[in-house]
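Novice: Build me a structure from this.
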Amino acid sequence: MKCKEAEKMIPLFLEDELETEELREFMEHIEKCDECKEELSIQFLVSEGMARLETGNVFDLQNELKGRMNDAGRALHFRENLKWILYALEGLVILAVIIIILMIIFL
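Specialist: A predicted model of the protein is given here:
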């Protein structure tokens, strides 16, 4: 992924609107690219900071961003594991259909 693509995805990441594949590519790029990581921090600080200032809430945005990145990593891991479970279930369904067809043919 190129930096321009990652920068365009930052608002989507902040709104938790990235699909699994997009999220994986984004996370991998952010981990390797200090410039994009900095841009993510800036956009997060501006958007969240402005919202918090308006409400008067106390905040620690750097730690919140780290938490959001950790949460996104866990969500990505969960989504990818779920994908493999679904593949396994799909295989079991296909196997069950084959067995049923064979039972009908030979019984």
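
Novice: hey, let's count contacts and neighbours off CA atoms from now on
Specialist: OK.

Novice: Please state the offset of the biggest helix by length in the chain from the chain centre?
Specialist: What stands out as the longest helix in the chain, according to DSSP state H, is helix 61-106. How far helix 61-106 lies from its chain's middle: 15 Å, per Cα atoms, centre = their mean, to the nearest Å.

Novice: What mean pLDDT does that helix get?
Specialist: Average pLDDT, helix 61-106: 91.

Novice: just checking, what packs against that helix?
Specialist: On a contact count with 3 or more Cα pairs under 8 Å, 6 or more residues apart in numbering; DSSP states H and E, helix 61-106 meets helix 20-32, helix 34-55.

Novice: hmm, try it at 10 Å
Specialist: Judged by 3 or more Cα pairs under 10 Å, 6 or more residues apart in numbering; DSSP states H and E, helix 61-106 is in contact with helix 3-14, helix 20-32, helix 34-55.

Novice: For residue 75, find the nearest of the ones you listed.
Specialist: Shortest distance between residue 75 and those, using Cα to Cα, is found for helix 20-32: 8.9 Å.

Novice: tell me the angle the longest helix of the chain makes with helix 34-55.
Specialist: Orientation check (axes from the mean of the first three to the mean of the last three Cα atoms, to 10 degrees): helix 61-106 against helix 34-55 gives 110 degrees.

Novice: list the contacts for residue 74?
Specialist: 68, 80 (Cα atoms under 10 Å, 6 or more residues apart in numbering).

Novice: so who does the most centrally placed residue in the chain touch?
Specialist: With distances taken as Cα atoms, centre = their mean, the chain has residue 23 as the residue nearest its mean C-alpha position (3.9 Å). Going by Cα under 10 Å, 6+ apart, residue 23 touches 9, 12-13, 16-17, 29, 72-73, 75-76.
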